[in-house]
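K.L.:
Can you look at this prediction? I've put the sequence above it.
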Amino acid sequence: MLYWLTALSDGGDFFNLFRYITFRAGGAFLTALIFGFLFGRPLIAVLRRKQGKGQPIRDDGPEGHFSKAGTPTMGGLLIVGALATSTLLWARWDNPFMWIVIGVTLAFALIGFADDYAKVSKQTTAGVPGKVRLLLGFLIAGIAAYFATISHPEALQNQLAVPVLKDVLINMGVLFIPFSIIVIVGAANAVNLTDGLDGLAIMPVMIAGGTLGIIAYAVGRVDFTEYLDVHYVPGTGELLIFAAALFGGGLGFLWYNAPPAAVFMGDTGSLALGGALGAIAVATKHELVLAIVGGLFVVEALSVIIQVLYFKRTGKRVFLMAPIHHHYEKKGWAEPQIVIRFWIISLILAMIGLATLKVR
């Protein structure tokens, strides 16, 4: 919205700064961060008062989690509120990719909110049925994938870009939209599975989001794409503003989610943020790079899939408990130790993902 102030510019004054994506990204970061600090404590107070007993704790979970009983959930409202407010304030409203990513974020936040509400109102760990959540997720992701596809340059429509092999494009045809749906829904649920320890999910989301924001800015500038030898997707640079807002809002939330957490993000936050990562990856034609920068989420999801399939086949478990962060809890690792080490892994994977931009 603030981009409209450029109409007041004569080309060399303060208002001209609003033309620059990097300036507006900085504004989006600070706005989201301030939003988190301003509304974090009042929101937690409201959630605590409304929810009473807070998020139900699984009976079969690690023993150390029972001390977290009474902690309110739905803290994702703080992140999504900061993210949406900041993005709408600083981004251009005529950019289709911005609306696609924000639409996915808000829609998945609604699914998560319904799930969290069902859990706290009934005081059960069973929220919205999984099949309903998946069906709604597929529908939202399908709409987003369709609009992202028609917003891409004609030469890139229905094409899968391969990192490192810069000249390779795989024409997926009608399968591209189903593939994009899997990317978005898979990312949403993978982040949801990762959100099991205080501060565990939010920092890797911020790292992955920041990395994808840099990629979005790069592929949205023709001079950068020529230098990096990647595919030019006009308009995606605006997503840097969304990524900056995500980072700022995430920091504001982490202030209250750091161990011991005063609030959990809940499915409201984890589904929304995971869906946002998937949507950015589809918009920028970097779906496969998401599997690298979001590798931690991939491992968390795979640990659950492997555990379930192996147990059904043999009656035995591969991990002491899934997702894999609980496996390390069972092995005696302290919660902060797991969280910080997983943050380090996320940062390493992000650096590898960024490195694919220049590898020939």
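P.N.:
Received it, and whenever you're ready, just let me know what you need.

K.L.:
so how far is K119 from the residue lying closest to R48 once chain neighbours are set aside?
P.N.:
Nearest residue to R48, sequence neighbours excluded (Cβ to Cβ, 6 or more residues apart in numbering): P72, at 4.8 Å. C-betas here are computed from N, CA, C, even on glycine. Using Cβ to Cβ, to the nearest Å, P72 is found at 12 Å from K119.

K.L.:
Then K358?
P.N.:
For K358 relative to K119 (Cβ to Cβ), the value is 45 Å.

K.L.:
picking up where we left off before, of P72 and K119, which one has the most company?
P.N.:
Neighbours per residue (other Cβ atoms under 10 Å) separate P72 from K119, with P72 holding more: 25 against 22.

K.L.:
any chance you could map the strands in this protein?
P.N.:
Taking DSSP state E, the strands of the chain run over residues 159-161, 169-171.

K.L.:
which residues sit in contact with the closest residue to A145 other than its chain neighbours?
P.N.:
Excluding the flanking residues, the one nearest A145 by Cβ to Cβ, 6+ apart is S180, at 3.6 Å. With contact taken as Cβ atoms under 8 Å, 6 or more residues apart in numbering, S180 is in contact with 141, 144-145, 148-149, 282, 287.

K.L.:
cool, F176 as well?
P.N.:
145, 149, 157-160.

K.L.:
switch the cut-off to 7 Å
P.N.:
Counting by Cβ atoms under 7 Å, 6 or more residues apart in numbering, F176 makes contact with 149, 158, 160.

K.L.:
Now for the last one, how many residues are close by?
P.N.:
I take that to be L160. L160 has 17 nearby residues by other Cβ under 10 Å.

K.L.:
do I150 as well
P.N.:
Neighbour count of I150, defined by other Cβ under 10 Å: 10.

K.L.:
can you redo the contacts of S180 as a markdown table with distance to A25 and neighbour count?
P.N.:
Below are the contacts of S180 laid out as a markdown table (distance: Cβ to Cβ, whole Å; neighbours: other Cβ atoms under 10 Å):
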| residue | distance to A25 | neighbour count |
| --- | --- | --- |
| A141 | 26 | 28 |
| A144 | 22 | 26 |
| A145 | 25 | 25 |
| A148 | 21 | 27 |
| T149 | 26 | 17 |
| V282 | 21 | 29 |
| E287 | 23 | 21 |
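
K.L.:
In helices, which of the residues you listed fall?
P.N.:
Counted as lying in helices by DSSP state H, out of the contacts of S180, are 141, 144-145, 148-149, 282, 287.

K.L.:
Check those against P260 and report the nearest one.
P.N.:
A141 (34.5 Å; Cβ to Cβ).

K.L.:
Next one: that closest one relative to L165, how far apart?
P.N.:
Distance, A141 to L165, using Cβ to Cβ: 26 Å.

K.L.:
any idea how far the residue nearest to R48 is from L47?
P.N.:
4 Å.

K.L.:
Would you mind listing the residues touching both of those two?
P.N.:
V263.

K.L.:
F14: neighbouring residues, count only.
P.N.:
9.

K.L.:
my bad, M172
P.N.:
Neighbours of M172 (other Cβ under 10 Å): 14.

K.L.:
And for E335?
P.N.:
20.

K.L.:
ok, now F147?
P.N.:
Counted by other Cβ under 10 Å, the residues lying close to F147 total 15.

K.L.:
Noted, bye for now.
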